[in-house]
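[1] from the sequence below, what's the structure:
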Amino acid sequence: MAALNDCFLADLDELSDNEDDLLEAEHTEEEEDLDANIEALNYDDDDLDSVSKLQKTQRYTDIMQKVEEATVLEEDDPEYQLIFDSSTTSGKPLPEEVLEKTIDACDRALALDSSMKKCCCCKANGDSRWSISVMPACDVQLLSAKRKNLAGFSTATLQFRVGYLEQTEIFQSTPPSLRMRVCRLLAAKSTPTARVDSVRGDPTGKTGRTFRAEIEKKIEKGQESAPAKQPKPLRVLDSEPKKKRGGRRLRKMKERYAITDMRKPANRMQFGVLEESSLGDVLWEGYGMLGQAGNASYC
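    As a prediction, the model looks like this:
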């Protein structure tokens, strides 16, 4: 029994010691949390200073104004009014006559909007036609063309790109070998066609059809095979040589290289008569019949 009492007292002492250790640990943790909170407060103070500085800038003011405009719904906004009315109004069916008038008015409004878009499109197309009419054909050929930088690689597999002209039906139906030529023809014919359209010179479109027929005819001509080479007949042997016409330059050249009257007796020799000669500077040179009897005038 005494041993049991001693064990119980020993356990109480151990619990008291552990309680002191726990109190010290809790106190240490509280001090660490306090230090962390102080650091956080200092950090928050820095953030508050940064925010206060940011609020004084013009950029912050602009951003907040845009956010306010985006979040605040205006009462005059049609979309807002439609949402509000559809969510709050108690529906009541319209009479048949009023419903027909409303639908008719909506159809007219849509038709007017479509007509306005067509007018704007025609106006834009008119401006574009005028721009093309004053543009050279070489520039029309390069409209919307994209050139790729191959960094030194081969261009054998690169497809031909000519911009808007590539999208035409006549270009797509042309063989690849003739597409460059067709592109030039299209660019050359687009400029005069745009000039005619810009002044409304041909409402029937006859000019465009004529140009298209010319281009198609040239495409067909380019696809034709080359004519076979015909054998060339030989010249008749007994025929006289063809006389060639000479001009002033040819006559002067003939006179420059023609044999003079002084060279003619020098090239002749009389039988049995010794010709006069001289050694000259390098070679021996004979005078032929030059200076002999009958040719004294050439001495």
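[2] and the helices in the stretch 151-299 of the chain, which stretches?
    In the stretch 151-299 of the chain, the helices defined using DSSP state H, counting those that start in this stretch lie at 169-172, 179-198, 206-223, 248-257, 263-266.
[3] let's have those in CSV, adding mean neighbour count.
    To be clear about C-beta, it is placed using only N, CA and C from the backbone, and glycine gets the same treatment. Putting the helices of the stretch 151-299 of the chain into CSV (neighbours: other Cβ atoms under 10 Å) gives the following:
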stretch, mean neighbour count
helix 169-172, 12
helix 179-198, 18
helix 206-223, 13
helix 248-257, 9
helix 263-266, 16
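[4] show me where the stretch 151-299 of the chain dips below the pLDDT cut-off.
    Residue ranges of the stretch 151-299 of the chain with pLDDT under 70: 151-162, 238-239, 241-242, 244, 279-284, 293-299.
[5] recalculate using a threshold of 80.
    Under the criterion pLDDT under 80, the flagged ranges of the stretch 151-299 of the chain are 151-164, 198-200, 235-246, 272, 274-287, 290-299.
[6] same question, the stretch 1-150 of the chain
    Along the stretch 1-150 of the chain, segments meeting pLDDT under 80 span 1-94, 118-134, 137-150.
[7] what do you get if the cut-off is 50, keeping everything else the same?
    Scanning the stretch 1-150 of the chain with the threshold set as pLDDT under 50 gives 1-2, 4, 12, 40-41, 43-45.
[8] domain ranges for this structure?
    Here the domain assignment for the chain is 131-145+160-222, 259-294, based on automatic domain parsing.
[9] check which residues of the shortest one are buried.
    By neighbour count, and taking 16 or more other Cβ atoms under 10 Å as the criterion, the buried residues in domain 259-294 are 265-266, 287-290, 292.
[10] same thing with stretch 60-72?
    Quick answer for stretch 60-72: no buried residues (16+ other Cβ under 10 Å).
[11] what about dumping the CA coordinates of it to CSV?
    Extracted C-alpha coordinates of stretch 60-72, given in CSV (Å, rounded to 0.1, in the frame of the first residue of the first chain):
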residue,chain,number,x,y,z
TYR,A,60,-5.3,55.3,-60.3
THR,A,61,-7.9,57.9,-60.7
ASP,A,62,-8.5,57.0,-64.4
ILE,A,63,-8.7,53.3,-63.6
MET,A,64,-11.2,53.8,-60.8
GLN,A,65,-13.3,56.1,-63.0
LYS,A,66,-13.5,53.4,-65.7
VAL,A,67,-14.4,50.7,-63.2
GLU,A,68,-17.1,52.9,-61.8
GLU,A,69,-18.5,53.6,-65.3
ALA,A,70,-18.4,49.8,-66.1
THR,A,71,-20.2,48.8,-62.9
VAL,A,72,-22.8,51.5,-62.7
